[in-house]
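S.K.: Below is the structure, and that's it, no one-letter string:
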């Protein structure tokens, strides 16, 4: 019988991008609680990183963090190198960094805006994963497996609200990237899965880009009758991250209260 996720994660080493606020913060906390040593990337959430450091110390786990711009290889490669040096290797990669950037319809989404959204949501994931892959493969050989969990969105499944064309396209690409990478890394023992959250309130994403009226209209169409919260997503990430000796790869786990499933 397979052990529970928390038991399987004890002593594992995880890197979480955008891991000091919102959904990423919840995932980092759950990884620490499950027994992982964690290295967190953040862009400007130094306060969240400091809070995580205190929580990790109380749990007796190792914790490191660094700020980096993930829209360039020059930002991604040193971040991964620092994480590997701190952790001594890597078993789990959580690609959480991404943003809507702004709401623009097709006529207003010029080349620079489109490139920015793609670079942040798809390019950052590709750059970080490329730098981390050799270390994950090594862990798969020597420590019983490795896992990548990529954060997509319900918008990548069914399209988003008005003005999210570029973001929806990028998050759809994350789903395809995850399936293709699962095929590529599967023979080397690395599992790759994705999560597609729906309306998760209380995050900077929705605090910035979603009005109260829009949120209420969306909640009215959710079968479970409520919005999600960051811990809903974090629990799913922990489950997928723990799949070292399992049979789940190339999958997308929908976290949306029943709005959409595939």
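M.R.: That came through fine. Predicted model, so just to flag it, every value in this text is computed and none were measured.

S.K.: so how far is residue 70 from the residue nearest to residue 235 when sequence neighbours are not counted?
M.R.: Nearest residue to residue 235, sequence neighbours excluded (CB to CB, 6 or more residues apart in numbering): residue 30, at 6.8 Å. Yep, even glycine has a C-beta here, placed from its N, CA and C like the rest. Here residue 30 is placed at a distance of 22 Å from residue 70 (CB to CB, to the nearest Å).

S.K.: Show me where this protein has its helices.
M.R.: 5-9, 22-33, 46-59, 73-87, 111-118, 124-142, 154-158, 165-185, 204-209, 212-220, 230-241 (DSSP state H).

S.K.: What residues does the spatially closest residue to residue 46 that is not a sequence neighbour make contact with?
M.R.: The shortest distance from residue 46 to any non-neighbouring residue, by CB to CB, 6+ apart, is to residue 67 (7.0 Å). By CB atoms under 8 Å, 6 or more residues apart in numbering, the residues touching residue 67 are 41-44, 46.

S.K.: What subset of those residues is buried?
M.R.: Neighbour counting by 16 or more other CB atoms under 10 Å classes 41-43 among those as buried.

S.K.: Give me the buried positions along stretch 107-114.
M.R.: 109, 114.

S.K.: Stretch 129-137 - what's its average pLDDT?
M.R.: Stretch 129-137 carries an average pLDDT of 98.

S.K.: What ranges in the stretch 51-200 of the chain fall below the confidence cut-off?
M.R.: Low-confidence segments of the stretch 51-200 of the chain (pLDDT under 70): none present.

S.K.: mind redoing it with 90?
M.R.: Along the stretch 51-200 of the chain, the parts satisfying pLDDT under 90 run over 160-162.

S.K.: ok, for residue 13, nearest residue in space, not its chain neighbours?
M.R.: Nearest non-adjacent residue to residue 13 (CB to CB, 6+ apart): residue 87, at 4.0 Å.

S.K.: I meant to write residue 256 there.
M.R.: residue 198 (2.8 Å).

S.K.: burial of the one you found, as a residue count?
M.R.: Using other CB atoms under 10 Å as the criterion, residue 198 is surrounded by 22 other residues.

S.K.: need the contact list for it.
M.R.: 154, 218, 222, 228, 254-257, 259-260.

S.K.: Deepest in the core, which of the helices of the chain is it.
M.R.: helix 22-33 (a mean of 25; mean count of other CB atoms under 10 Å).
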